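J.: My questions concern the predicted model and sequence given below.
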Amino acid sequence: MPRTALPIAMGIYLLTGCQLLSKDEALSDHATSEAQTKQGTLIPDLTQDPSDSTEAWKQPAPEIEPDDIDAEGQTISGTFLAGPAATSPLLELAARQGALECSTRASCDLAPDHPSEPPDLWTKLRQGFSFDLALDEPRVQSHIKWFVDHPDYLQRVFSRGALYLPYIVDQVIEAGLPLEIALLPVIESALDPFAYSQGRASGLWQFIPATARLYHIKIDWWYDGRRDIIDSTKAATAFLTDLGARYQQDWPLALSAYNAGAGRVNQAIKRNQRQNKATTFWDLALPKETRNYVPKLLALAAIIRSPDTYGITLPYIDMKKSWAVFPMSNQIDLALAADLAEVPVDDLYRLNPGHNQWATHPQGPYRLLLPQAQIPVMTDNLASYPSEQRITWRRHIIRSGETLSEIADDYQLSVDAILEANQLSGHLIIAGEILMIPTPLASPNDYLLSSDNRATNRLKRYQARYQQPPQEHTVRSGDSLWRIAKQYQVSVRELARWNGLTPKSVLPIGDILFVFQPTPTTDALKISRNPPPQTRPMVRTIYYKIRTGDSLSKIAARFNTSVSAIKTWNPTLTQKPYLHPGDRLRLELNVRNSQGT
């Protein structure tokens, strides 16, 4: 389901376009509007070879819906999953650094040179665990079984997470939070900072834009701090600290609010109070995804607390992070920064995933995360490189009739980026004047993990799957995803997925959307590779109560049927020009296929 804006945790109204409450107002009990759960929290895999990813994704983690994952194991967001990530020297270094050190000792369980320090990250985590893991709960046991049945999944996630987990653990300790909290990014994003759900949640901690801005995370064309390792982790620990205080350190409730929103959790508590029922997490009527969210975290903590009990071998992760912060004084081209630091550009993006474009933000943050060993190299090389040459510029002479948006399109920039670079306060430009245009130093292909290139890679994958180039649709006045999907006879969900959008995205006029039309050959290939199970239709009759705003097409889409079928089941509809809220419709549904809500 798409993730609309939430009254997150403290009851904050985060509806798109609505005014945000202050934190004090948000922490009150008055904000009880319905929260949208973080449906579609995704588990992409950056380390998996694309050739065998279909097989690997046949049994996804419990809360993932099959439609959220495509044939290559790609999340609906278009997260960059394959290619260089599978052979990244930086990932290999982070995953193996501790293992190499470990091999010089008789056993990884022996204490290091400093007896007061834990030997590895897992020991450090266990020392800070404090949750009641509720091992007698069936939901917890179900998730433990899933992890035990999929040990390769944990290996992949933790190998990738070796780059980020030591910092996350340190920040959770600094915030005074239980160390089980450090495992939340595993549940939220599979420790992939590029993870993006159809509900517009992004990064390790899966912030939606409204919550991110409430916690002072910058999001614009240049930079998305939700993906930044430092910005997102500091915001998440602040957010969770607020939630812990709000729910008096009842962490199952606080984590439920992180997932579903405090408004929904508060409503469930009040409902139970009115019925004289207990108000623990286990007693509340919460959304299905939230009912599994906390047990999944507890299951993961149980395995890490005692991996031998479950026959799981955890990869060695050093308790110290493998990177350091390198302060900058101004904007820099990321390809140049990679050259100066003597690291691959892709590895620089993985350490600095908040950068959307080919350069850092002109207004900061003025820092880069670099492998610790490369800090002296960067210091020496940068000192000999003039600051005015760290970004390349082109002089553009404004032609008669040109607009800023046209110029921005020509240079693949945002209008705001041009305004900022030229210190312009408005969109009025004069023919003959000169604009300075920031341009990448290297070829666009050298910035594989930039926002544009991730979108290009997503398009290439779909083109390979459908074995044909997409049609292009130029957005016109009055267009919506629903209208365009209907025009091309595809689903809104597919159309959004192909274009890296959400089903509720607003479409700017003039934008280009890509539309794929499955061919018989493509369908035949799908059937031959994945023959559908031979199941008989399971038809049930239900009576649907018409709601305000309903139409036959909406009801048909909701229950995966057709308008003509609804009319057949309800002959009196031909005598009524309108649907009336409160009336009931007879629906004959194959419940194996229906997804009604």
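T.: Arrived safely, thanks for sending. Numbering: from 1, shown residues only.

J.: Quick check on the spatially most central residue of the chain: phi, psi?
T.: Residue closest to the average C-alpha location in the chain (Cα atoms, centre = their mean): residue 196, at 2.5 Å. Dihedral pair for residue 196: phi -150, psi 120, per degrees, to the nearest 10.

J.: cool, and residue 307?
T.: Note on residue 307: backbone dihedrals following degrees, to the nearest 10 are phi -60, psi -30.

J.: Quick check: the gap between residue 244 and residue 126.
T.: 21 Å (Cβ to Cβ, to the nearest Å). Heads up, the C-betas are built off the backbone N, CA and C, glycines and all.

J.: Look at these two and report which has more neighbours.
T.: residue 244 (21 against 14; other Cβ atoms under 10 Å).

J.: For that one, what is the enclosing helix or strand?
T.: helix 229-246 (DSSP states H and E).

J.: same question, residue 568
T.: Residue 568 is located in helix 563-569, with elements delineated by DSSP H and E.

J.: Which parts of that helix count as buried, going by neighbours?
T.: By neighbour count on 16 or more other Cβ atoms under 10 Å, the buried set for helix 563-569 is residue 566.

J.: who touches it?
T.: The contact list for helix 563-569, computed with Cβ atoms under 8 Å, 6 or more residues apart in numbering, reads 552, 553, 555, 556, 573, 574, 585, 586, 587, 588.

J.: Residue 579 versus the second one, what's the distance?
T.: With the distance defined as Cβ to Cβ, residue 553 ends up 11 Å from residue 579.

J.: Same check on the fifth one?
T.: Taking Cβ to Cβ as the criterion, residue 573 is separated from residue 579 by 8 Å.

J.: what touches both of these two?
T.: Going by Cβ under 8 Å, 6+ apart, residues that sit against residue 573 and also against residue 579 are residue 552.

J.: from the contacts of helix 563-569, which ones fall inside strands?
T.: 585, 586, 587, 588 (DSSP state E).

J.: Can you tell me which of the residues you listed is nearest residue 331?
T.: residue 587 (58.0 Å; Cβ to Cβ).

J.: Next, count neighbours for residue 509.
T.: Neighbour tally, residue 509, other Cβ under 10 Å: 10.

J.: Residue 370: what secondary structure?
T.: Taken by DSSP: H, G, I helix; E, B strand; the rest coil, the conformation at residue 370 corresponds to strand.

J.: actually residue 176, sorry about that
T.: With three-state DSSP as the basis, residue 176 sits in coil.

J.: Where do the domain boundaries of the chain fall?
T.: The record's domain parsing of the chain by automatic domain parsing lists 8-310, 323-388, 392-440, 467-529, 539-590.

J.: Do a quick rundown of the helices in the stretch 351-500 of the chain.
T.: For the stretch 351-500 of the chain, the helices defined by DSSP state H, counting those that start in this stretch occupy 375-383, 404-411, 415-421, 451-466, 481-488, 492-498.

J.: Include mean neighbour count when you put the ones you listed into JSON lines, please.
T.: Listed next are the helices of the stretch 351-500 of the chain as JSON lines, based on neighbours: other Cβ atoms under 10 Å:
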{"stretch": "helix 375-383", "mean neighbour count": "14"}
{"stretch": "helix 404-411", "mean neighbour count": "16"}
{"stretch": "helix 415-421", "mean neighbour count": "18"}
{"stretch": "helix 451-466", "mean neighbour count": "17"}
{"stretch": "helix 481-488", "mean neighbour count": "16"}
{"stretch": "helix 492-498", "mean neighbour count": "21"}
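
J.: Residue 326 touches residue 371, doesn't it?
T.: No. Counting by Cβ atoms under 8 Å, no contact exists between residue 326 and residue 371, whose distance comes to 10.1 Å.

J.: who touches both of those two?
T.: With Cβ under 8 Å, 6+ apart as the test, residue 326 and residue 371 both reach residue 341.

J.: Give me the more crowded residue out of these two.
T.: Between residue 326 and residue 371, counting by other Cβ under 10 Å, residue 371 is the more crowded of the two (23 against 18).

J.: Now that we're looking at residue 549, what pLDDT does it have?
T.: pLDDT recorded at residue 549 is 78.

J.: ok so, going back, and the helices of the stretch 351-500 of the chain, which one's lowest on average pLDDT?
T.: Looking at the helices of the stretch 351-500 of the chain, the bottom one is helix 451-466 with a mean of 62.

J.: Which pLDDT value belongs to the residue nearest to the centre of the chain?
T.: In this model, residue 196 carries a pLDDT of 79.

J.: do the same with residue 136
T.: Listed pLDDT for residue 136 reads 96.

J.: Run a quick neighbour tally on it.
T.: Per other Cβ under 10 Å, the neighbour tally for residue 136 reads 7.

J.: quick one: contacts for residue 233?
T.: Neighbours of residue 233 in contact, by Cβ under 8 Å, 6+ apart: 167, 168, 171, 204, 205.

J.: between those residues, which is closest to residue 396?
T.: residue 204 (38.0 Å).

J.: Report how many residues lie close to that closest one.
T.: Count around residue 204 with other Cβ under 10 Å applied: 28.

J.: What does it show for phi and psi?
T.: phi -60, psi -40.

J.: and it, how far is that from residue 332?
T.: According to Cβ to Cβ, residue 204 and residue 332 sit 24 Å apart.

J.: cool, and residue 581?
T.: 59 Å.

J.: for residue 177, same thing?
T.: 34 Å.

J.: next one: residue 268
T.: Residue 268 is 49 Å from residue 332, by Cβ to Cβ.

J.: what does residue 550 give?
T.: Taking Cβ to Cβ, one finds residue 550 at 54 Å from residue 332.

J.: ok, now residue 136?
T.: According to Cβ to Cβ, residue 136 and residue 332 sit 54 Å apart.

J.: now swap in residue 325 and tell me
T.: 15 Å.

J.: Is residue 192 in a helix, a strand, or coil?
T.: Three-state assignment for residue 192 (three-state DSSP): coil.

J.: That one - how many residues pack around it?
T.: Residue 192, neighbours per other Cβ under 10 Å, totals 30.

J.: All further residue positions should be reported with the first residue as 43.
T.: Right, with 43 as the first residue, what we last looked at is residue 234.

J.: Could you pull up phi and psi at it?
T.: The phi and psi torsions at residue 234 (degrees, to the nearest 10) take the values phi -110, psi 110.

J.: Identify the residue nearest residue 589 in space, chain neighbours excluded?
T.: Excluding the flanking residues, the one nearest residue 589 by Cβ to Cβ, 6 or more residues apart in numbering is residue 623, at 6.0 Å.

J.: That neighbour: what's it in contact with?
T.: 588, 589, 590, 592.

J.: Next: residue 193.
T.: Shown in contact with residue 193 (Cβ under 8 Å, 6+ apart): 353, 354, 355.

J.: right, and the first one touches residue 190 too?
T.: Read that as residue 353. Yes. The pair residue 353 / residue 190 is scored as a contact, 6.8 Å apart, by Cβ under 8 Å.

J.: Looking at the two, which one has more neighbours?
T.: Ranked by neighbour count (other Cβ under 10 Å), residue 353 and residue 190 place residue 190 first, with 15 against 9.

J.: so which strand or helix has the more buried one?
T.: Element membership for residue 190 (DSSP H and E) is helix 180-191.

J.: after that helix comes which helix or strand?
T.: Next element after helix 180-191 (DSSP H and E): helix 193-203.

J.: what is the orientation angle of that next one with helix 180-191?
T.: Helix 193-203 runs at 80 degrees relative to helix 180-191, counting by axes from the mean of the first three to the mean of the last three Cα atoms, to 10 degrees.

J.: Run a quick neighbour tally on residue 317.
T.: Quick note: residue 317 (other Cβ under 10 Å) scores 7 neighbours.

J.: Next, work out how far apart it and residue 326 are.
T.: Separation of residue 317 from residue 326 (Cβ to Cβ): 11 Å.
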